[in-house]
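Novice: could you look at this predicted model? Sequence included:
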Amino acid sequence: MGLDDNNNLPPFAECVDKMQAACDYLLAYAAQAHDSEASGEEGDLPVRHFLADLEFALLHVTAASRMHMATLQADVEALQALESFSDQLEDDAACALKVLRIVSTAPLISSRLVNNLNASVHLRSVLADLLVVDETIQAHQRAALVRPG
């Protein structure tokens, strides 16, 4: 998963932002009772744009998180725990990506289909993993700022 060339790897924060924005949009889309894909009104992006952003984030989030973890100033135990958990993030992202690709290839994307995607345990798992990793990284960054020097 991810890119072979780490120089082209998106920042971890970009993956988090894309995933959160896509999931927020998909929750709203599911509540709108569309029988088929909305065409996108002025200022409103169509559902496929957000599905593509979610796919991008799922493809790159593990490698981006590992690159971000490598910059942390934390003890060995904490870094090992994060690295081990990144394996879980990778597995969950791969499962969520499979579900997402089923939805993305549908000829029409209804609110009901998106609602089922939103309910997918795989997507929920990767979102929970991502939030845990993001909050943990932020906690380590805050701690590094207050450590005497």
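Specialist: Here it is on my side, so go on.
Novice: from now on I want contacts and neighbour counts done on CA atoms only, so please keep to that.
Specialist: Fine.
Novice: so where do the helices sit in the protein?
Specialist: Assigned by DSSP state H, the helices in the chain fall at 12-30, 47-69, 76-104, 111-119, 121-146.
Novice: present those as JSON lines; the columns should include distance to Glu37, mean neighbour count and mean pLDDT.
Specialist: Shown next, in JSON lines, are the helices of the chain (distance: least, Cα to Cα, whole Å; neighbours: other Cα atoms under 10 Å; pLDDT from 0 to 100):
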{"stretch": "helix 12-30", "distance to Glu37": "9", "mean neighbour count": "18", "mean pLDDT": "93"}
{"stretch": "helix 47-69", "distance to Glu37": "7", "mean neighbour count": "21", "mean pLDDT": "94"}
{"stretch": "helix 76-104", "distance to Glu37": "11", "mean neighbour count": "17", "mean pLDDT": "94"}
{"stretch": "helix 111-119", "distance to Glu37": "8", "mean neighbour count": "18", "mean pLDDT": "95"}
{"stretch": "helix 121-146", "distance to Glu37": "21", "mean neighbour count": "16", "mean pLDDT": "90"}
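Novice: export the ones you listed to CSV and tack on distance to Ser36?
Specialist: Shown next, in CSV, are these (distance: least, Cα to Cα, whole Å):
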stretch, distance to Ser36
helix 12-30, 11
helix 47-69, 10
helix 76-104, 12
helix 111-119, 7
helix 121-146, 22
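Novice: residue contacts, the closest residue to Phe12 other than its chain neighbours?
Specialist: Of all residues not flanking Phe12 in the chain, Ala64 sits nearest, at 4.8 Å (Cα to Cα, 6 or more residues apart in numbering). Contact partners of Ala64, counting by Cα atoms under 8 Å, 6 or more residues apart in numbering, are Gly2, Leu9, Pro10, Pro11, Phe12, Cys15.
Novice: now distance to Ser104 too, for those, in TSV please.
Specialist: Converted to TSV, these look like this (distance: Cα to Cα, whole Å):
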residue	distance to Ser104
Gly2	19
Leu9	23
Pro10	22
Pro11	24
Phe12	23
Cys15	19
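Novice: with His68 as the reference, measure out to the closest residue to Ala74 other than its chain neighbours.
Specialist: Closest residue in space to Ala74, ignoring its immediate chain neighbours: His140 at 6.5 Å, by Cα to Cα, 6+ apart. Distance from His140 to His68, counting by Cα to Cα, to the nearest Å: 12 Å.
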